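Participant: The sequence isn't on hand, but the structure is:
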């Protein structure tokens with residue numbers, strides 16, 4: 001029987017009603033007490049690493065999770081992390097960069113309703129997560145609503161429904177039917193994972209809105225090492241408002257700028273319109289292509305934790321990790 005480590009970080013799945021609203025209160029052992037049948041799937045041991053609403057999760061907590069797994073990696077066959085849904089996609093992406101090539105499953109799950117509620121998705125999600133952690137499912141995945149989603153491709157797309165997560169620009173890795181994992185895609189892995197222990201959290205995200213000018217970009221770039229611009233459509237910045245001059249100035253000062261799109265599906269293509277082509281060909285901004293914003297944020301934090309050299313940053317950004325980007329050949 002496989003030996004699985006359950007790592008608790010809080011979230012709705014572990015929440016109870018308090019005077020101030022739902023708040024994480026339950027320990028990992030208390031979660032397991034609600035689902036005794038999990039003991040028939042695998043041997044489970046527990047670590048209560050955090051007990052936070054996922055809104056409060058930071059890059060330092062990602063490093064704690066990666067370190068927790070690294071210190072215990074040889075002792076277990078797989079890992080399940082319970083986590084709040086609001087930032088779970090960011091955490092899954094971050095762990096995909098901090099723990100690369102793992103042959104063992106690292107599964108994140110949570111719930112839209114607390115495990116103690118009569119109508120809850122907690123029990124199904126947690127049971128499915130353990131089933132997947134006991135299978136040959138390498139790397140970091142989110143298991144939710146009977147779906148298995150690659151850690152670098154997940155996004156929360158519904159705030160209340162049980163089908164909270166979608167796989168963006170990439171197929172699901174598999175589904176669970178009647179308690180059986182039907183795997184469509186197997187992630188590539190190494191014989192041993194490579195762990196990283198540094199992140200640069202000075203990464204800013206700017207969402208363009210009609211009428212925006214350079215003031216916000218200047219503010220963010222002055223205080224950050226990199227900025228991601230969520231642009232419109234296939235990508236570009238307004239011709240008015242001084243954006244080109246802003247980006248040119250701060251990139252000359254060593255800042256990294258990445259253009260992505262606010263549109264969830266199909267990705268960016270800066271070569272299509274003149275408002276985007278100059279950004280790439282003249283200024284040399286990086287392009288996210290089909291990556292999720294969550295993955296771009298986490299990947300930049302990981303890269304800048306390793307190097308600040310421009311050519312190395314560009315090379316690492318366009319090098320696929322856990323199938324996070326499919327179009328680097330077009331860069």
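Facilitator: Thanks, I have the structure now. None of the values given here were measured: they were computed from a predicted structure.
Participant: So which residues of the stretch 101-250 of the chain form strands?
Facilitator: 105-109, 139-144, 147-150, 154-156, 165-167, 174-177, 180-183, 194-195, 203-207, 226-231 (DSSP state E, counting those that start in this stretch).
Participant: Out of those, which is closest to residue 50?
Facilitator: strand 105-109 (13.2 Å; C-beta to C-beta). No exception for glycine: its C-beta is placed from N, CA and C like everyone else's.
Participant: quick check: angle from the closest one to strand 139-144?
Facilitator: With axes from the mean of the first three to the mean of the last three C-alpha atoms, to 10 degrees as the basis, strand 105-109 and strand 139-144 are set at 30 degrees to each other.
Participant: Which neighbouring elements make contact with strand 105-109?
Facilitator: On a contact count with 3 or more C-beta pairs under 8 Å, 6 or more residues apart in numbering; DSSP states H and E, strand 105-109 meets strand 78-82, helix 88-98, helix 122-133, strand 139-144.
Participant: Among the ones you listed, single out whichever gets nearest to residue 225.
Facilitator: Residue 225 sits nearest to helix 88-98 of all the helices and strands packed on strand 105-109, at 16.2 Å, using C-beta to C-beta.
Participant: For the stretch 151-300 of the chain, just list every one of the helices.
Facilitator: Ranges of helices in the stretch 151-300 of the chain, per DSSP state H, counting those that start in this stretch, are 214-222, 243-252, 274-278, 293-306.
Participant: Residues in contact with the shortest one: which ones?
Facilitator: By C-beta atoms under 8 Å, 6 or more residues apart in numbering, the residues outside helix 274-278 that reach it are 231, 234-239, 244, 259, 268-271.
Participant: dump the residue contacts of the residue in the chain sticking out farthest from the centre.
Facilitator: Most distant residue from the mean C-alpha position of the chain: residue 240, 33.6 Å away (C-alpha atoms, centre = their mean). Listed by C-beta under 8 Å, 6+ apart, the contact partners of residue 240 are residue 213.
Participant: so how far is residue 99 from it?
Facilitator: Here residue 240 is placed at a distance of 44 Å from residue 99 (C-beta to C-beta, to the nearest Å).
Participant: Longest strand in this protein, please.
Facilitator: strand 43-52 (DSSP state E).
Participant: now the angle from that one to helix 122-133?
Facilitator: 120 degrees.
Participant: which secondary structure elements does strand 43-52 contact?
Facilitator: Applying 3+ C-beta pairs under 8 Å, 6+ apart, we find strand 43-52 packed against strand 3-10, helix 28-33, helix 59-72.
Participant: What pairs with that strand, parallel or antiparallel?
Facilitator: strand 3-10 (parallel) (DSSP bridges).
Participant: to the chain's geometric centre, what's the distance from the partner strand?
Facilitator: 18 Å (C-alpha atoms, centre = their mean, to the nearest Å).
Participant: Okay, angle between it and helix 88-98 too, please.
Facilitator: Using the same axes, to 10 degrees: strand 3-10 against helix 88-98 is 130 degrees.
Participant: For strand 3-10, buried residues please.
Facilitator: By 16 or more other C-beta atoms under 10 Å, the buried positions in strand 3-10 come out as 4, 5, 6, 7, 8, 9, 10.
Participant: As CSV, those residues with pLDDT and distance to residue 112 would be great.
Facilitator: Below are those laid out as CSV (pLDDT from 0 to 100; distance: C-beta to C-beta, whole Å):
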residue, pLDDT, distance to residue 112
4, 98, 23
5, 98, 24
6, 98, 20
7, 98, 20
8, 97, 18
9, 98, 16
10, 95, 15
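Participant: thinking again about what came up before, so which of the strands of the stretch 101-250 of the chain gets nearest residue 58?
Facilitator: It's strand 203-207; of those, that one is closest to residue 58 (C-beta to C-beta) at 12.4 Å.
Participant: circling back to that earlier point, which of the buried residues of strand 3-10 sits closest to residue 288?
Facilitator: Looking across the buried residues of strand 3-10 and measuring by C-beta to C-beta, the closest to residue 288 is residue 9, at 27.3 Å.
Participant: mind checking how far the closest one is from residue 33?
Facilitator: Taking C-beta to C-beta, one finds residue 9 at 18 Å from residue 33.
Participant: do residue 91 as well
Facilitator: Remark: distance between residue 91 and residue 33 (C-beta to C-beta) = 25 Å.
Participant: ok, those two, which is more surrounded?
Facilitator: residue 91 (26 against 11; other C-beta atoms under 10 Å).
Participant: pretty sure that one contacts residue 84?
Facilitator: No: using C-beta atoms under 8 Å, residue 91 makes no contact with residue 84, being 9.0 Å away.
Participant: Isn't residue 157 up against residue 264?
Facilitator: Yes: between residue 157 and residue 264 there is a contact under C-beta under 8 Å: 7.4 Å.
Participant: now the stretch 201-331 of the chain, which segments are flagged as low pLDDT?
Facilitator: 327-331 (pLDDT under 70).
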